[in-house]
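Chemist: dropping a prediction and its sequence here:
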Amino acid sequence: MNELKEKEEKLISDLKKAIEFLHNSLKSLNSSIHIYTHLDADGLASGAILGKCFYRESIPFQISILRQLERENILKISEKDNEFKNFIIFSDFGSGQYLELIKELKENIPFIILDHHLPQNIANKDDPLLQDIYSSTYPWHLNPYFYNINGSVEISGSGMCYFFAKVLNSNNIDLSSIALIGANGDIQNQGPNNSFIGFNSLILKDAKQVNLVEEVNDLNFSSIKPLNESIAYSSDLNLPGLSGNPNKTLKFLQRLGILMENSDGSVKTLNDLNQDEKQKISSAIIEYSSLKLDIEPNEIIKNLIVNRYLLKNELVGSELHDLNEFSNLLNSCGRSYNGSLGIAVAMGDRRIAYQKAQENLINYKKLIAQALSWIQKENKIQEKKNIQYFFGEDIIPESMIGTIASMLIFDKSGIIDKSKPVFGIAKRSDEEVYKISGRLHENVLNKGVNLSEIIREALKLSNLDLLGGGHPPAAGTKVPIEKIEIFLENCDKIVEQQLKNKFH
């Protein structure tokens, strides 16, 4: 039996116990389920999976979407559920706050955590204390790190919810595609050519088994934008003279004989190209890059050709046909505080909710473009010795600060120094605090830098009794306005220390 299969069997065995705990609790409570989930694409996909599986079981439920699971949220949840006596499920968060949840809820309110972030006070996936947490929180705390599965790349929150749903009822295998949308939203397609690995590969296998997802090799551009724009604004390919310039890209395509209009007069996208046209573009880009950048063709192909995942039951050319575009749609809903639209779409609404979500996506993309342009033109990136950071000011709201930080990490135009972690900082509208979202490039991660640990240690050094953490390459917290400078100084010191520890 292979190692992945053994881990899956162990997780399934524990999920059976968790579901037994759920059923017994519901009988004694004679109440409904309250799901609390995160507002990003993975959180909305998590909520949709749980909502769908309970709907099918005729178990009453409601879903609340939170920007973060902070101490204040936990206190409010405790107050509310002491009155209503619901069973609670935390999806895509909860592990990083499990001690607070035990303290405030465990005596009176039964709950389950389905999360993929590092548990509270755990530095990394090799921490021996993980097994102690597993033993003390079984069977209500389900986390991939308990099974030596990396929650950063091998399974997301929606993946954990999918396995829960599948154990609840094997017919829920058709929810596998929603789990992949969530994993994509958390940028977990990090295998060769943007493929899924670990438990995500098992979920993909399920989705293929029920004929929901098709995996194809394709050019690494948006499949629904006008073709010249999708090449010009690719985040993975830097083509001097073409990148950032859709007009020159249009001329480049015209020289190849690629017509930009379909027979019905619509603008041509990647979805409209035949294999010959794709091959022509591929060969031309490889030749162009070889001449302009002196890069070996094999290196170019790594970024140019990717695995694309298509949802076979969705309309070709829509935002829902391409897994990546679907996750962008969900993320735009959550980040603009319209998460209920995203959950409705993920649960199957293809009418009013989908139409509103499409309108929301257009506005969201405009805000992102404006934010990135503002950061670059106004030189908003500030630097210390080992970190860099930017304030969102009145341009970038709290809900978008993490998305912008992520996009800067993957940006090819040189806005930031990718050898340093970047921290996005946004003022919270209803509180005198800054929301902090840290991100770092894979190359920095490989040097031993761990953002989850940095944020937790910096909070301690800054004498802040606040929750924080996440994953080694992506983590966050909140910091009182008057403490921001000391917090950033401490982050800078800890990064320096981590780099020294790696090389000594």
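Modeler: Looks like it came in fine. Numbering: from 1, shown residues only.
Chemist: so where do the strands sit in the stretch 101-250 of the chain?
Modeler: Applying DSSP state E, counting those that start in this stretch to the stretch 101-250 of the chain gives strands spanning 111-114, 141-142, 213-219.
Chemist: er, the stretch 351-500 of the chain actually
Modeler: Under the criterion DSSP E, counting those that start in this stretch, the stretch 351-500 of the chain contains strands at 382-383, 388-391, 422-427, 433-439, 469-471, 474-480.
Chemist: and Pro480, how far from Glu432?
Modeler: 7 Å (Cβ to Cβ, to the nearest Å). Every residue, glycine included, has its C-beta placed from N, CA and C.
Chemist: neighbour-wise, which of those two wins?
Modeler: Pro480 (14 against 9; other Cβ atoms under 10 Å).
Chemist: OK, contacts around the nearest residue to that one once chain neighbours are set aside?
Modeler: Spatial nearest neighbour of Pro480, chain neighbours left out: Val433 (5.5 Å); criterion: Cβ to Cβ, 6 or more residues apart in numbering. Contact analysis of Val433 by Cβ atoms under 8 Å, 6 or more residues apart in numbering lists 427, 478-481.
Chemist: how much space between the residue nearest to Asp206 when sequence neighbours are not counted and Asp81?
Modeler: Closest residue to Asp206 apart from its sequence neighbours, by Cβ to Cβ, 6+ apart: Ser176 at 4.1 Å. Counting by Cβ to Cβ, the gap from Ser176 to Asp81 is 31 Å.
Chemist: more crowded one of these two?
Modeler: Ser176 (26 against 19).
Chemist: ok, residues contacting stretch 247-263?
Modeler: Stretch 247-263 is contacted from outside by 226-229, 231-232, 241-242, 267-268, 272-273, 277, 280-281, 284, 288, using Cβ under 8 Å, 6+ apart.
Chemist: actually, stretch 118-125.
Modeler: Residues outside stretch 118-125 that contact it (Cβ under 8 Å, 6+ apart): 95-100, 129-130, 133, 141, 143, 145, 148, 150-151, 450, 452-453, 456, 467, 469-472.
Chemist: again, only using 10 Å
Modeler: 94-102, 113, 127-130, 133-134, 137, 141, 143-146, 148-152, 448, 450, 452-453, 456-457, 467-472, 475 (Cβ atoms under 10 Å, 6 or more residues apart in numbering).
Chemist: buried among the residues you listed? Make that a PyMOL selection.
Modeler: The command below creates a PyMOL selection of those among those that count as buried (16 or more other Cβ atoms under 10 Å):
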select buried, resi 94+95+96+97+98+100+101+102+113+127+130+133+134+137+141+143+144+145+146+149+150+151+152+448+450+452+453+456+457+467+468+469+470+471+472+475
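Chemist: quick one on the thing from earlier: mind checking which of the contacts of stretch 247-263 land in helices?
Modeler: Here DSSP state H is the test, and the contacts of stretch 247-263 give 227-229, 231-232, 277, 280-281, 284, 288 as lying in helices.
Chemist: among these, which ones are buried?
Modeler: Of these, these count as buried by 16+ other Cβ under 10 Å: 227-229, 231-232, 277, 280-281, 288.
Chemist: from those, which is closest to Ser32?
Modeler: Glu229 (46.3 Å; Cβ to Cβ).
Chemist: domains for this structure, by residue range?
Modeler: The chain breaks down by automatic domain parsing into domains covering 3-215, 224-363, 378-502.
Chemist: distance to Gln370 and mean pLDDT added to those domains, as a markdown table?
Modeler: A markdown table is the format used below for the domains of the chain (distance: least, Cβ to Cβ, whole Å; pLDDT from 0 to 100):
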| stretch | distance to Gln370 | mean pLDDT |
| --- | --- | --- |
| domain 3-215 | 20 | 95 |
| domain 224-363 | 11 | 90 |
| domain 378-502 | 7 | 94 |
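Chemist: quick one: closest of the ones you listed to Ala371.
Modeler: Using Cβ to Cβ, the domains of the chain put domain 378-502 closest to Ala371, at 4.9 Å.
Chemist: state the distance from the residue nearest to the spatial centre of the chain to Asp465.
Modeler: By Cα atoms, centre = their mean, the mean C-alpha position of the chain lies nearest to Asp186, the distance being 2.0 Å. Using Cβ to Cβ, Asp186 is found at 28 Å from Asp465.
Chemist: quick one on the thing from earlier: and of the domains of the chain, who's closest to Ala369?
Modeler: Per Cβ to Cβ, nearest to Ala369 of the domains of the chain: domain 224-363, 9.0 Å.
Chemist: show me the helices in the stretch 201-350 of the chain, by range?
Modeler: 227-232, 246-255, 275-293, 297-304, 323-335, 339-346 (DSSP state H, counting those that start in this stretch).
Chemist: count the neighbours of the closest residue to Asn338 other than its chain neighbours for me.
Modeler: Once flanking residues are discounted, Asn338 sits nearest to Asn360: 5.4 Å by Cβ to Cβ, 6+ apart. When neighbours are defined as other Cβ under 10 Å, Asn360 has 19 of them.
Chemist: thinking Asn360 is in contact with Leu329, fair?
Modeler: Yes - using Cβ atoms under 10 Å, Asn360 is in contact with Leu329, at 8.2 Å.
Chemist: ok so, going back, let's have the strands of the stretch 101-250 of the chain in a markdown table, adding distance to Gly182.
Modeler: Shown next, in a markdown table, are those (distance: least, Cβ to Cβ, whole Å):
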| stretch | distance to Gly182 |
| --- | --- |
| strand 111-114 | 12 |
| strand 141-142 | 15 |
| strand 213-219 | 14 |
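Chemist: just to revisit the earlier point, looking at the buried ones among the ones in helices among the contacts of stretch 247-263, which one is closest to Ile89?
Modeler: Checking those against Ile89 with Cβ to Cβ, the nearest one is Glu229 at 40.7 Å.
Chemist: re earlier: would you reformat the strands of the stretch 351-500 of the chain as JSON lines and include distance to Leu310?
Modeler: Output for the strands of the stretch 351-500 of the chain, formatted as JSON lines (distance: least, Cβ to Cβ, whole Å):
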{"stretch": "strand 382-383", "distance to Leu310": "41"}
{"stretch": "strand 388-391", "distance to Leu310": "36"}
{"stretch": "strand 422-427", "distance to Leu310": "32"}
{"stretch": "strand 433-439", "distance to Leu310": "28"}
{"stretch": "strand 469-471", "distance to Leu310": "28"}
{"stretch": "strand 474-480", "distance to Leu310": "27"}
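Chemist: closest to Lys208 out of those?
Modeler: Between the strands of the stretch 351-500 of the chain, strand 469-471 lies closest to Lys208; by Cβ to Cβ that is 27.2 Å.
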